[in-house]
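1. Sequence and computational prediction follow.
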Amino acid sequence: MTASNRTLLSWMVREEWRLHSELFGGRRFAGFPLAIGALTALGTALLAATGTRPAAVLAGLHALVALFGLQVGTIGLVGRDALRDVLGDVTLLLFSARTLPLSTKRLLGLFLVKEVLYYSGLFVTPVLAGFGVVAVGRGMAPAAVALAWLTVTLAFALGATASLALAALAARNALAVGVALAAGVVAVVATGTDPVALTPYGLFTHPSVAALVAAVLPPVALGGLGIALFEPTEDDGTDGRHRRLDRLLVAVAPDGLTRRPLLAVARSAGSVWKVLFSMGVLFGVTALVLRQVTAATGIEPGVGIAFGTLLGLGGFTTYSWVTQFGDPREYLRYPVSYDAVFRGALRAYLLLSVGASLPYLAVALLWYPLAEIALGAVIQPLVALYVFGVTAAVTGLSPNELLFDTPRFALFGAALAALATPLVVAALAVRVDPLLVRVVAVAIALVGAVAGLVLTRRAGPRWTSVFRE
Amino acid sequence: MPAIETTGLTKEYGDLDALSGLSLTVGEGELFALLGPNGSGKTTTIEILTGQRTPTSGTATVLGHDPVAEPMAVRRAIGTLPEREDPPSFLTPREFLEFVCEVRALSDPEDHIERWAERLSFVETLDTLSTNLSEGQRQRVMLAAAFVHEPDLVFIDEPLVNLDPIMQEQVKRHLADYCAAGNTIFLSTHFVEVAQELCTSVGIVSDGRLVATCDPREFDDGELLDVFVAEVDAEREAVVG
């Protein structure tokens, strides 16, 4: 008889706390929930000032937290070498199956439970506290905020388990992911099911025992499926699929500083498909939020501005992927400037984030007019350039430090909000003067892109001096 | 019954054949070294025998268990120290060894921990976070984790890497004493002098095949190196030819 699951879980929680507090210092980390709560309260108040009701904000919060869960869920799949690149020379209990009589699948299952417990406490709780302060003041019942805490936590769990299940499936058969997603869409359309009713947000809007089951069952089933399908050691990256993809990437990125991050993303678990997948989720969530905003407020938001802005902001995930493979200080050993390193990373980032957005914008043409989608296709790369510049300036080549370092997180959040808030307001106010608001939105995005390029240019010299100190 | 027996083990990584029909037997109480150049299949062999990786074909038995069908039974019965393995960064050696003792259901964990910390000279760093330890200090903690339940068989990939000369001598003595008590140790190394000085039996592996076995005690200083180079060269010529 070996250690119980509860014991293993307690060791993992202890390790997680130690990791965060040791890496970034107790105070910088302890301030993280406070910063999250303050940012959420500020965002909710700003949106309320535009006439957006708390219920609509809550729909968006469900979507954003589910997206965050998607990002967290990939951690078990990036593998220990990539984790080492992200966090430095680090080993976690998650990887102790190599030397101890513990199965990787069991450790991964406990890791998922730990992540949900951990982030529900240190992320979802402050988000809902910040939201609740404003929403209760505007008439929302405290009991509704308490229910939202549960449903947002479930949304996080849904995101984390969905990415684990889909990436584990993709590692076995990439085609199967497409088939599974297509089958899901066909089933929803054919049966006329409201997809929102199958998410934790459905439990918030229409609480019932059936909705509770519909909210709890998918994360449990997807988590079980992901763990069952997960194969930790056998993918060696040498099969034909990788070689064909390599040739394609070499063709589009002939210089080494662009090719290296592209190849690193392509050869990691989930390959470049994880970029396409994360953009797809963002696209789906944006479409749902647009629908909910219309249903809740009667406002018809500007679709092009909304898609362009949110898909552009989604570039942060792509930034993490193109920069997480390798020690940032490594380039000090080569006759290459960090200015050139950031330019290479920017080219790889744009190829992936813009390339992964375009198919979804094309799909959107089925429902929305060409002019709207064209506007989205213009705004998306401009916002993506801004996201790159801000992330490069604030985090250098270690974007995951945002998850632990409160001052940097607050600065990053404020910088993104500086561009995102006027664009979201423009999307909501587009009917006031459609042409003028759209021109202003493009102008705002353009200013953001220029700022992003300036920040990217400054990132090279700045981080050179930081690394050499 | 031998402690380890393999027959015709193969392992393919895409186009690369890491193992090409490896067959070997290691008897109980032996201090066996799998000696081979870089990329000859040593680490893959250990990963298969410890249930971390499945072979493409062939069979293996470890202490009477099949590592493919019963990986947990194998891992419960053995100790393992892979190459490039560190204790969890944000636990102290004491906490990590407490964890290992819990997983292995050992009673009196503090007793075990103190004994192994004294034996491998890391008592003074027992309560230091592992991330703040040197490579050699981490290696000692991992050695303790592999031996703490005193298993009948221990696999060690490159046992002396990162250890200072004094610690190397201590570890060599410990390995010899451990086998003298009737236990089996399976080492993987590309350092011929380690195999010659420590082991009771050596298998020379090249290009994923066992090309020779011998008792290193029968050779004078340096002779095993000559045998090793000759066997590896002959195998490579045969493969190229």
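-> Thanks, I have it.
2. got any ranges where the chain has weak pLDDT?
-> The chain I'm using is chain A. For chain A, applying pLDDT under 70 flags the ranges A:1-2, A:23-28, A:73-90, A:232-243, A:269-270, A:296, A:325-327, A:400-404, A:469.
3. Hmm, no, I was thinking of chain B.
-> Chain B contains residues with pLDDT under 70 at B:240-241.
4. What residues does it have near chain A?
-> Residues of chain B lying near chain A by CB under 8 Å from any CB of the partner chain: B:13-16, B:47, B:50, B:52-54, B:71-72, B:75-76, B:79-82, B:85-91, B:95, B:99-100, B:102-105, B:129-131, B:142, B:145-146. To be clear about C-beta, it is placed using only N, CA and C from the backbone, and glycine gets the same treatment.
5. Buried subset of those residues as a ChimeraX selection?
-> With 16 or more other CB atoms under 10 Å in any protein chain shown as the criterion, this ChimeraX line picks the buried residues out of the residues of chain B next to chain A:
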select /B:47,50,52,53,71,75,76,79,80,81,82,85,86,87,88,89,90,91,95,99,100,102,103,104,129,130,131,142,145,146
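6. Packing partners of the helix or strand A:L375 falls within?
-> Per DSSP states H and E, A:L375 falls inside helix A:370-395. Judged by 3 or more CB pairs under 8 Å, 6 or more residues apart in numbering or on different chains; DSSP states H and E, the packing partners of helix A:370-395 are helix A:303-313, helix A:315-323, helix A:338-364, helix A:406-428, helix A:434-468.
7. Same list, these, but as TSV with distance to chain B and mean neighbour count please.
-> Below are the helices and strands packed on helix A:370-395 laid out as TSV (distance: least, CB to the nearest CB, whole Å; neighbours: other CB atoms under 10 Å in any protein chain shown):
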stretch	distance to chain B	mean neighbour count
helix A:303-313	32	27
helix A:315-323	21	25
helix A:338-364	25	21
helix A:406-428	19	20
helix A:434-468	20	17
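8. Now tabulate these in a markdown table and tack on distance to B:L224.
-> Conversion of those to a markdown table gives the following (distance: least, CB to CB, whole Å):
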| stretch | distance to B:L224 |
| --- | --- |
| helix A:303-313 | 63 |
| helix A:315-323 | 48 |
| helix A:338-364 | 47 |
| helix A:406-428 | 56 |
| helix A:434-468 | 46 |
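9. among those helices, which is nearest A:A55?
-> Evaluated over these, closeness to A:A55 peaks at helix A:406-428, with 14.8 Å, by CB to CB.
10. elements contacting that closest one?
-> helix A:26-30, helix A:32-49, helix A:303-313, helix A:370-395, helix A:434-468.
11. Report all helices and strands that the third one contacts.
-> Okay, so that is helix A:303-313. Against helix A:303-313 (3+ CB pairs under 8 Å, 6+ apart) you get helix A:273-297, helix A:338-364, helix A:370-395, helix A:406-428, helix A:434-468.
12. Let's have the helices and strands packed on helix A:406-428 in TSV, adding distance to B:S121.
-> Shown next, in TSV, are the helices and strands packed on helix A:406-428 (distance: least, CB to CB, whole Å):
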stretch	distance to B:S121
helix A:26-30	32
helix A:32-49	39
helix A:303-313	53
helix A:370-395	41
helix A:434-468	36
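13. quick one, which of those is nearest to A:W321?
-> Proximity to A:W321 (CB to CB) singles out helix A:370-395 among those, at 12.0 Å.
14. List the buried residues for the closest one?
-> When neighbours are counted by 16+ other CB under 10 Å, the buried residues of helix A:370-395 are found to be A:372-373, A:375-395.
15. Kindly calculate the angle that it makes with helix A:434-468.
-> Per axes from the mean of the first three to the mean of the last three CA atoms, to 10 degrees, the angle that helix A:370-395 makes with helix A:434-468 is 20 degrees.
16. Name the residue closest to the centre of chain B, please.
-> For chain B, the residue nearest the mean C-alpha position is B:I156 (1.9 Å; CA atoms, centre = their mean).
17. For it, which residues are in contact?
-> For B:I156, the contact set (CB atoms under 8 Å, 6 or more residues apart in numbering or on different chains) comprises B:80-81, B:143, B:146, B:175, B:185-188.
18. Return the subset of those residues lying in strands.
-> Of those, the ones assigned to strands by DSSP state E are B:80-81, B:185-188.
19. Tell me which helix or strand the residue nearest to the centre of chain B sits in.
-> Applying DSSP H and E as the criterion places B:I156 in strand B:153-157.
20. A:E231 versus the residue of chain B found nearest chain A, what's the distance?
-> Chain A sits closest to B:G14 of chain B, with a gap of 2.9 Å, by CB to the nearest CB. Using CB to CB, to the nearest Å, B:G14 is found at 16 Å from A:E231.
21. B:T61 too?
-> Using CB to CB, one obtains 24 Å as the distance from B:T61 to A:E231.
22. Tell me which stretches of chain B form helices.
-> B:42-49, B:71-77, B:93-103, B:109-119, B:135-147, B:165-180, B:192-198, B:223-240 (DSSP state H).
23. what's the angle between the third one and helix B:109-119?
-> Okay, so that is helix B:93-103. Helix B:93-103 and helix B:109-119 are oriented at 130 degrees to each other (the same axes, to 10 degrees).
24. Please apply the same query to the fifth one.
-> Here helix B:135-147 runs at an angle of 130 degrees relative to helix B:109-119 (the same axes, to 10 degrees).
25. residues near A:A197, how many?
-> Other residues lying near A:A197 total 16 when counted by other CB atoms under 10 Å in any protein chain shown.
26. Now do the contacts for it.
-> So A:A197 contacts A:206, A:211, A:214 (CB under 8 Å, 6+ apart).
27. got those residues as TSV, with distance to B:C179 and secondary structure columns?
-> Below are the contacts of A:A197 laid out as TSV (distance: CB to CB, whole Å; DSSP: H, G, I helix; E, B strand; the rest coil):
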residue	distance to B:C179	secondary structure
A:H206	68	coil
A:A211	63	helix
A:A214	60	helix
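28. Of all the helices and strands packed on helix A:370-395, which one is nearest A:L158?
-> Nearest to A:L158, of these and by CB to CB, is helix A:315-323 at 17.1 Å.
29. Now do the closest one: everything it contacts.
-> Under CB under 8 Å, 6+ apart, the answer for helix A:315-323 is A:71, A:261-262, A:264-265, A:268, A:274-275, A:278, A:345, A:348-349, A:352-353, A:356, A:383-384, A:387-388, A:391-392, A:397-400, A:416.
30. how about a cut-off of 6 Å?
-> Residues from elsewhere that reach helix A:315-323, judged by CB atoms under 6 Å, 6 or more residues apart in numbering or on different chains: A:71, A:261, A:265, A:275, A:278, A:345, A:348-349, A:352-353, A:384, A:387, A:391, A:397, A:399.
31. List just the nearest of those residues to A:S4.
-> Comparing those against A:S4 with CB to CB picks out A:Q71 as the nearest, at 29.9 Å.
32. circling back to that earlier point, what two of the contacts of helix A:315-323 are the furthest from one another?
-> Greatest spatial distance among these (CB to CB): A:S278 and A:L397, at 19.8 Å.
33. one step back: of B:T61 and A:E231, who's got more company?
-> Legend: neighbour count by other CB under 10 Å for B:T61 and A:E231, higher for B:T61 (18 against 12).
34. Run through the residues that contact that one.
-> Taking CB under 6 Å, 6+ apart, one finds B:E5 in contact with B:T61.
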